[in-house]
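**Student:** Here is a sequence together with a model predicted from it:
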Amino acid sequence: MKILVVEDEIKLAEAIKRALELHKYVVDVVYDGEKGLDLVIGEKYDLIILDSMLPKMDGIEICKEIRKAGIGTPLLMLTARGQIDDKVNGLDAGADDYMVKPFSFEELFARIRALVRRPEKTNDTLLKIKDLSLDPISFQVKRSDKTIYLSTREFSLLEYLMKNKNKILSKEQIVNNVWSYDADILFSTVEVHIKHLRDKIEAPFPDKDPVIKTVHGFGYTIEEN
């Protein structure tokens, strides 16, 4: 799962980033509103954490522009102010939830889990293809009822492939969606992570069909049928 954090308090933004990465999320962080809006429009995120007071463009304005553009990504707004009017303005602008700073990370993760449980087109967040399942809420991966332990990057890679089942994904698409936008990643790194992932979800199951298919010259795919 990929999350964008738009927060101008650098220490807080970096603390949120570290905490989220420990929970297997891919995280981009920016410190002003204009850059945040550019990323929301240009990249694809599963969740946006947005401060209400930002340089160059405030969070309320950003939220309005996001919704005006037809982007329905779940949005959690942060504020240092606890006034009712501020919360109402944020929610009216299109935010899905609101948190007042300071807050605990336990509360942050609880709110993230609640927002993730509200997908746009389905009531089931569990990703399942044949005998392989991935739960983005509990971060549990299973094949044939056997639990598989993945690294953070392997989990994000598998989640992206499963969310885009039956699509051929190029290495460039994988880098853009599984790593941070400013990460300097070689395409060979994708190949290495694909191999590690296959070692965990395919090699221990020699009697089962391979999960990840390589389409030479194009990229990778997971086919449902």
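**Tutor:** Cool, got the structure. Numbers count the residues shown, from 1 in each chain.
**Student:** The helix or strand bottoming out on mean pLDDT in the chain - contacts with which helices or strands?
**Tutor:** Taking mean pLDDT, DSSP states H and E as the measure, the chain has helix 84-93 as its least confident helix or strand, at a mean of 75. If contacts are counted by 3 or more CB pairs under 8 Å, 6 or more residues apart in numbering; DSSP states H and E, helix 84-93 sits against helix 59-68, strand 75-79, strand 97-100. Just so you know, the C-beta spots here come from the backbone N, C-alpha and C atoms, and that holds for glycine as well.
**Student:** Deepest in the core, which of these is it.
**Tutor:** strand 75-79 (a mean of 24; mean count of other CB atoms under 10 Å).
**Student:** strand partners of that one, parallel vs antiparallel please.
**Tutor:** Its sheet considered, strand 75-79 pairs with strand 47-51 (parallel), strand 97-100 (parallel) by DSSP bridges.
**Student:** Mind splitting the chain into its structural domains?
**Tutor:** Under the assignment automatic domain parsing, the domains of the chain span 2-116, 127-222.
**Student:** Look up which residues are beta-bridged to Val29.
**Tutor:** In beta-bridge terms (that is, DSSP bridges), Val29 pairs with Val5.
**Student:** wait, isn't it in contact with Glu9?
**Tutor:** No - Val29 is beyond contact range of Glu9, at 11.0 Å (criterion: CB atoms under 8 Å).
**Student:** Which stretches in this structure count as helices?
**Tutor:** Per DSSP state H, the chain carries helices over the ranges 10-22, 33-42, 59-68, 84-93, 105-116, 152-163, 171-178, 187-201.
**Student:** Report the backbone C-alpha coordinates of the fourth one in CSV.
**Tutor:** These are the backbone C-alpha positions of helix 84-93, laid out as CSV (Å, rounded to 0.1, in the frame of the first residue of the first chain):
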residue,chain,number,x,y,z
ILE,A,84,-15.4,22.3,15.4
ASP,A,85,-15.4,24.7,12.4
ASP,A,86,-12.0,23.5,11.2
LYS,A,87,-13.2,19.9,11.3
VAL,A,88,-16.4,20.7,9.4
ASN,A,89,-14.5,22.7,6.8
GLY,A,90,-12.1,19.8,6.2
LEU,A,91,-14.9,17.2,5.9
ASP,A,92,-17.0,19.5,3.7
ALA,A,93,-13.9,19.9,1.4
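**Student:** gap between the residue nearest to Lys87 when sequence neighbours are not counted and Glu159?
**Tutor:** Nearest in space to Lys87, with sequence neighbours left out and distances taken as CB to CB, 6 or more residues apart in numbering, is Tyr98 at 4.9 Å. The gap separating Tyr98 from Glu159 is 27 Å, by CB to CB, to the nearest Å.
**Student:** got it, and Val6?
**Tutor:** Separation of Val6 from Glu159 (CB to CB): 23 Å.
**Student:** The two: which has the busier surroundings?
**Tutor:** Between Val6 and Glu159, Val6 has the larger neighbour count (other CB atoms under 10 Å), namely 27 against 24.
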